[in-house]
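Peer 1: Attaching a predicted model along with its sequence, questions to come.
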Amino acid sequence: MEALSPTMEEGQLVKWLKAEGDSVSVGEILAEIETDKATMELVARGEGVLRKVLIGEGATAGVGDVIAVIAGPDEDISGLVGSAGTPQEAYETQSQEVSEAAYEAARVTIGGGDRVKASPLARRLATEADMDLQTVQGSGPGGRIVMRDVEAAKDGASGVSVTSVPRAGAGTDPPAAPGVDFEDRPLSQMRKTIAKRLVESLSPVPHFFLRITADMSRTLAARKRVNQLLEAQGDKVSINDFILKATANALERHPDVNAQWSGDAIRRHYRVHLGVAVAVEDGLITPVIRDANRKGLAQISREVRELAAKGREKKLQPEEYTGSTFSVSNLGMFGIHEFTGIINPPEAGIIAVGGIEETPAVEGGQVVVKPLMKVTMSCDHRVIDGATGARFLQTLKEMLEEPAVILV
Amino acid sequence: MPEITYREALNQALAEEMERDDSVFLMGEEVAEYDGAYKVSKGLLDRFGDLRVVDTPISELGFAGLGVGAAMVGLRPVIEFMTFNFSILALDQVLHSAAKLLYMSGGQINIPMVFRGPSGAALQLAGQHSQAAETWYVHAPGIKLVTPATPADAKGLLKAAIRDNDPVVFMEGELLYNIRGEVPEGEHLVPLGLADLKRDGDDVSIITHGKMVHLALQAATRLERDGIEADVLDLRSLRPLDVDAILSSVRKTNRAVYLEEGWPYAGIGAQIAATIQEEAFDDLDAPVLRITQADVPMPYAKNLEQMAKPNVQRVVDACRRVLYRK
C-alpha cells in the first residue's frame, strides 16, 4: 500500500482492476484506493505477473503493508506470502520471532496500522485495560502517551465505550436484530480523517471568536453588474466568490492573520492560499485556491466550481487540497444565519459565513431594511490577538460593504 | 557499632586477611616503607614483614605480571595500583593473563588475586590523573569488579575479594578514603555480585556505583523536597551484576537514571540501560537516562572541572525528565 498522499496512513481497497494471473507492465493501474481525501489510483511499479492478491475489495491496509505480489511467472514467492492470506496475518507470523507479548500489545492497541507514540508501559497498561491508544491524548514529548495519560483516560472513560469499528464494507445496513436499538455505520476514510484532524485542532489550539455583520447591498449590486458583463462569455460569479476575493485581499493587507503557529515561531505566509469548505457526500473537504488575492473574480469562481466538482467525485489531487493559509466556510445556502468554524490546522484562522438576510437596521434615525450577512471568525490565540483579528474583520467588512475597496 | 573511615576499613580488611591466610601478600608502589601512598597499608610492614608487604619500582606491567605468576603457583597477591590511571600500563597482564588464563588452561589454572587502588577523579588532578577506569576492565569475561562506596562495603568486599579464587578488580576512591561510616565488628563479609538499596522510594530509580552513591543520596534529598521519592541502588558489584536488584527497582518505579563518574560513550550506564530495556521493557514509562562526566578529558581549571563532573542539579533534572515533570 503506497502513500498516495502526504498525510495518508491507511488506504481502503475499493476495486481491483487486475486479477491474479494477469500480466502487468509498469504504469498500469492495479487498483482504486480510497485515501483520507480522495479515491486514487495505485499504479504498478514493476513488470511481471500479478501472482497473488493479499487483500480483498473493501479491506483496509496500512501504508507499507504488502497487499499484492507481482513477480515473474515462475518465481518462487513463498517467502513473501508464506501461509498468510492478509497483511494482518503476515504481520503476526513475523512477530513470533521477537517478544510476542510486546508485539501483540502493539497490534491490539494500535488497530489500523497507524503509528502512535507511547511508552512501553503505557502500551501494556492500555492493552490490559482494553483501551485503544488512538483515543488517548499523550502528554509526553512529541505527544508520547505515558502511564499517567492512560490512567487519566481510564478514570475519565466511564460511560465512553470503545466500540470496535468494522473496517471493511461500504456501509451496508446490517439487518436489525430484535431488541437492537442502534446500528454502527463503518467509518469512511474521510470521516476518520475529519474526526482526527478536528480533534487535533480543537484540543491544542486556543480558539476565540469574533463576530461582525456586513451590509451586502453594494456587493449584491456589484455581482449583478459583473454577471451582466460576464454573460457574453458564458461565465458568472456568486456572492461566495466575492466573499472569497474580499477575504483573500483582506489577508494580503493583514499578514499577521495569514500566519500559523509553528511551535517555536509564528510563520507568516507571503502568499494567500484560501481553503474553501465544500460539502461532499459523506463529509467535507477543503480545496485550495492558490494566490487567491491575485486572481480575478471570474477565475476564482471557475476554480471553485471545478475543485468542488472534483471534491464531490473524490478526484482531488493532494496538491489541490493542501497548503491553504486560511479557510472560508459558507453555510448561507442552507439557511444558517451564523455559525462558528473550527480552525483547520495548521492555519490560524477560519471565517464562517451565514446567509444574507433582509434585516431591519437603523440609518439616519429611521428603521430601514438591509441585506445583512453575519461573519464569525475563529482565531488561534497563539497567533492572533483580539485586536489583530478585529482589524482584519474591519477590513473584510469594508471590502464587503464597498467592493471598490478591493481595487484600491 | 564502631564508626571508622573508609581507609581504616580497608586497612582492617587487609590485616585480617593476611593474618588469616599466610599466602596473602600486598605488593605495589610505596605500600611498605611509606605506609601506602594514601596510608591504606599503614602499619602492615611492621606487622607482617617485607616478604608479605613488598615495595616495587614504578613498573605496573612488571609487578602486575609478577602477581599473576605468584597467583599461578598458589599465592594470593593483592596488587596495589597507586591509582587506576597507571593501571592502564598493566592492562596486558590483567586482561590477557589474569582474566583469560582460567579459560585458556581449560580450568586448570585459577588466578586468585586482587588488583586494588583508587579510581576516578579527585580534585583538579587533570586529564591523565582523573580516569574512571571501570569500563577498561568490566568488559572482559573472567574479571570480577567491585566498587564499594562506604567503609562497611569496603571492608566486607575486600575480604570477600581476597578470598575469591578469581581475579577481582577492586576500585576505591581518593575522595572516599576519609569518609566515616559504621562497620560491624567481627567477621564482616559482603558477597560479590550483590547490590544494596541505599535508599527506598517509589517514584524513580537512581542506579549508581562507587563515590557517585553519595551524590545520588544528595540528589534524592533534594527531590524529596518536591515530593519525589527516589530509590538509590548502589550496585557495589559491576561484574557479576545484580540484575535482579536492578529490575526489581525499575519494576517498582517504572523509570531509571544511571549516575556514573565516567564518560558516557559505552560507559557502565550504557550496559545497565541495555539490560533494563531488554528485561523490563514493558515496565518502562520513559527511556533510561544517564548522568555522566562530560565527554571530554577532565579539565584542570577548577570551574571547568566542576562543569565536567556530574552534580546534584543534573541528577535532579534527569529524574524530573523521566517523570515528565518540568
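Peer 2: Sure, I can see it. Residues are numbered from 1 along each chain as shown, chains lettered A, B, ... in the order given.

Peer 1: now the helix or strand harbouring A:Arg51, how far from the chain's geometric center?
Peer 2: Assessed by DSSP states H and E, A:Arg51 sits inside strand A:48-53. Chain-centre distance of strand A:48-53: 34 Å, with C-alpha atoms, centre = their mean, to the nearest Å.

Peer 1: And that strand, what does it pack against?
Peer 2: If you count contacts as 3 or more C-beta pairs under 8 Å, 6 or more residues apart in numbering or on different chains; DSSP states H and E, strand A:48-53 packs onto strand A:23-24, strand A:68-71. Glycine gets a C-beta too; all of them are placed from N, C-alpha and C.

Peer 1: Relative to chain B, which of those strands is closest?
Peer 2: strand A:68-71 (33.4 Å; C-beta to the nearest C-beta).

Peer 1: Next secondary structure after that closest one?
Peer 2: Next helix or strand after strand A:68-71 toward the C-terminus (DSSP H and E): helix A:78-81.

Peer 1: on that earlier part again, mind putting the helices and strands packed on strand A:48-53 in a markdown table, distance to chain B, mean neighbour count and mean pLDDT included?
Peer 2: Below are those laid out as a markdown table (distance: least, C-beta to the nearest C-beta, whole Å; neighbours: other C-beta atoms under 10 Å in any protein chain shown; pLDDT from 0 to 100):
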| stretch | distance to chain B | mean neighbour count | mean pLDDT |
| --- | --- | --- | --- |
| strand A:23-24 | 42 | 16 | 90 |
| strand A:68-71 | 33 | 19 | 90 |
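
Peer 1: Turn the ones you listed into CSV, columns for distance to A:Lys154.
Peer 2: Compiled in CSV, the helices and strands packed on strand A:48-53 are given as follows (distance: least, C-beta to C-beta, whole Å):
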stretch, distance to A:Lys154
strand A:23-24, 49
strand A:68-71, 40
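
Peer 1: Tell me which of those lies nearest to B:Gly49.
Peer 2: strand A:68-71 (82.8 Å; C-beta to C-beta).

Peer 1: any chance you could read off phi and psi for the residue in the stretch 51-200 of chain B that chain A sits nearest to?
Peer 2: Evaluated by C-beta to the nearest C-beta, the stretch 51-200 of chain B has B:Asp200 as its residue closest to chain A, separated by 20.5 Å. The phi and psi values for B:Asp200, taken as degrees, to the nearest 10, are phi -110, psi 130.

Peer 1: wait, doesn't it sit right on B:Asp231?
Peer 2: Yes. Taking contacts as C-beta atoms under 8 Å, B:Asp200 lies within contact range of B:Asp231: 6.2 Å.

Peer 1: Look at these two and report which has more neighbours.
Peer 2: More neighbours surround B:Asp231 than the other of B:Asp200 and B:Asp231, with 24 against 13 (other C-beta atoms under 10 Å in any protein chain shown).

Peer 1: Roughly how far does the more buried one sit from chain A?
Peer 2: The spacing between B:Asp231 and chain A, counted by C-beta to the nearest C-beta, to the nearest Å, is 16 Å.

Peer 1: That residue bridge partners, please.
Peer 2: Counting by DSSP bridges, B:Asp231 forms beta bridges with B:Ser205.

Peer 1: For it, which residues are in contact?
Peer 2: With contact taken as C-beta atoms under 8 Å, 6 or more residues apart in numbering or on different chains, B:Asp231 is in contact with B:Leu197, B:Arg199, B:Asp200, B:Gly201, B:Asp202, B:Val204, B:Ser205, B:Ile206, B:Ser249, B:Lys252, B:Thr253.

Peer 1: with these in mind, which one is nearest to chain A?
Peer 2: Where those are concerned, and distances follow C-beta to the nearest C-beta, chain A has its nearest neighbour in B:Thr253, at 10.7 Å.

Peer 1: residues contacting the most centrally placed residue in chain B?
Peer 2: To find the centre residue of chain B, average its C-alpha atoms and take the closest one (C-alpha atoms, centre = their mean): that gives B:Thr147, at 1.8 Å. Contact partners of B:Thr147, counting by C-beta under 8 Å, 6+ apart, are B:Ser119, B:Glu134, B:Met171, B:His209, B:Gly210, B:Leu235, B:Arg236, B:Ser237, B:Leu238.

Peer 1: if we can go back for a sec, among the contacts of B:Asp231, who's most crowded?
Peer 2: Among these, where neighbours are counted by other C-beta under 10 Å, the top count belongs to B:Ile206, at 31 neighbours.

Peer 1: OK, contacts around the residue lying closest to that one once chain neighbours are set aside?
Peer 2: Sequence neighbours aside, B:Ala216 is the residue nearest to B:Ile206 in space, at 4.6 Å (criterion: C-beta to C-beta, 6 or more residues apart in numbering or on different chains). Contacts here follow C-beta under 8 Å, 6+ apart; on that basis B:Ala216 touches B:Lys198, B:Arg199, B:Ile206, B:Thr208, B:Ala230, B:Val232, B:Leu259, B:Val315.

Peer 1: go on, B:Pro191?
Peer 2: Taking C-beta under 8 Å, 6+ apart, we find B:Pro191 in contact with B:Ala160.

Peer 1: For it, what are phi and psi?
Peer 2: Here B:Pro191 shows phi and psi, under degrees, to the nearest 10, equal to phi -60, psi 150.

Peer 1: Can you list the strands that the strand holding A:Arg51 pairs with?
Peer 2: Assessed with DSSP bridges, strand A:48-53 is paired to strand A:23-24 (antiparallel), strand A:68-71 (antiparallel).

Peer 1: CA atoms only for the helix or strand where B:Asp153 lies - export them in PDB, please.
Peer 2: Secondary-structure assignment from DSSP H and E places B:Asp153 in helix B:151-163. The C-alpha trace of helix B:151-163 is given here as PDB (Å, rounded to 0.1, in the frame of the first residue of the first chain):
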ATOM      1  CA  PRO B 151      33.500   1.900  54.800                       C
ATOM      2  CA  ALA B 152      31.300  -1.100  55.600                       C
ATOM      3  CA  ASP B 153      31.100  -2.200  52.000                       C
ATOM      4  CA  ALA B 154      34.900  -1.500  51.500                       C
ATOM      5  CA  LYS B 155      35.800  -3.900  54.400                       C
ATOM      6  CA  GLY B 156      33.300  -6.600  53.500                       C
ATOM      7  CA  LEU B 157      34.000  -6.600  49.800                       C
ATOM      8  CA  LEU B 158      37.800  -6.500  50.200                       C
ATOM      9  CA  LYS B 159      37.800  -9.500  52.400                       C
ATOM     10  CA  ALA B 160      35.400 -11.300  50.000                       C
ATOM     11  CA  ALA B 161      37.600 -10.300  47.100                       C
ATOM     12  CA  ILE B 162      40.800 -11.700  48.700                       C
ATOM     13  CA  ARG B 163      39.000 -15.000  49.400                       C
END
